[in-house]
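1. Mind looking at a prediction? Sequence and model below.
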Amino acid sequence: MQEHLYIVTYDIRDDKRGRRIFKLMKGYGEWLQLSVFQCRLSARRQAELIQLLDGIIVDGQDHVVMLDLGPADTVRPRVISLGVAFKAVAREPTIV
């Protein structure tokens, strides 16, 4: 199965739900900053993550965005970072 690289970001109104989302996301990707994760996911893992996130968030209050950057093996993201230096994450996918 081909994996895609995703940037997942979220805005959660309730701190308790926000902590649940953060813990969940740590099992699916690399934490970049605040509520932003970089995830390398197969179609199955992406569908699983969407289902789990949808079970936590509250419609009309919370917001989750998943940006599909394309096939993980071929995409080469270019990052522009202001302020604190950006450190790219280079490691193999995490299997949970």
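-> Received the coordinates, thanks.
2. make it CA atoms for all contacts and neighbour counts henceforth
-> Fine.
3. Strands along the protein, start to end?
-> Along the chain, counting by DSSP state E, strands occupy 4-11, 29-33, 36-41, 63-71.
4. what would these look like in TSV with mean neighbour count, mean pLDDT and distance to E48?
-> Putting the strands of the chain into TSV (neighbours: other C-alpha atoms under 10 Å; pLDDT from 0 to 100; distance: least, C-alpha to C-alpha, whole Å) gives the following:
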stretch	mean neighbour count	mean pLDDT	distance to E48
strand 4-11	19	96	14
strand 29-33	17	91	13
strand 36-41	23	95	10
strand 63-71	15	95	13
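5. Adding distance to R20, write the ones you listed out as CSV.
-> Formatted as CSV, the strands of the chain follow (distance: least, C-alpha to C-alpha, whole Å):
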stretch, distance to R20
strand 4-11, 12
strand 29-33, 14
strand 36-41, 14
strand 63-71, 13
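6. closest to I57 out of those?
-> Closest approach to I57 among those (C-alpha to C-alpha): strand 63-71, 7.6 Å.
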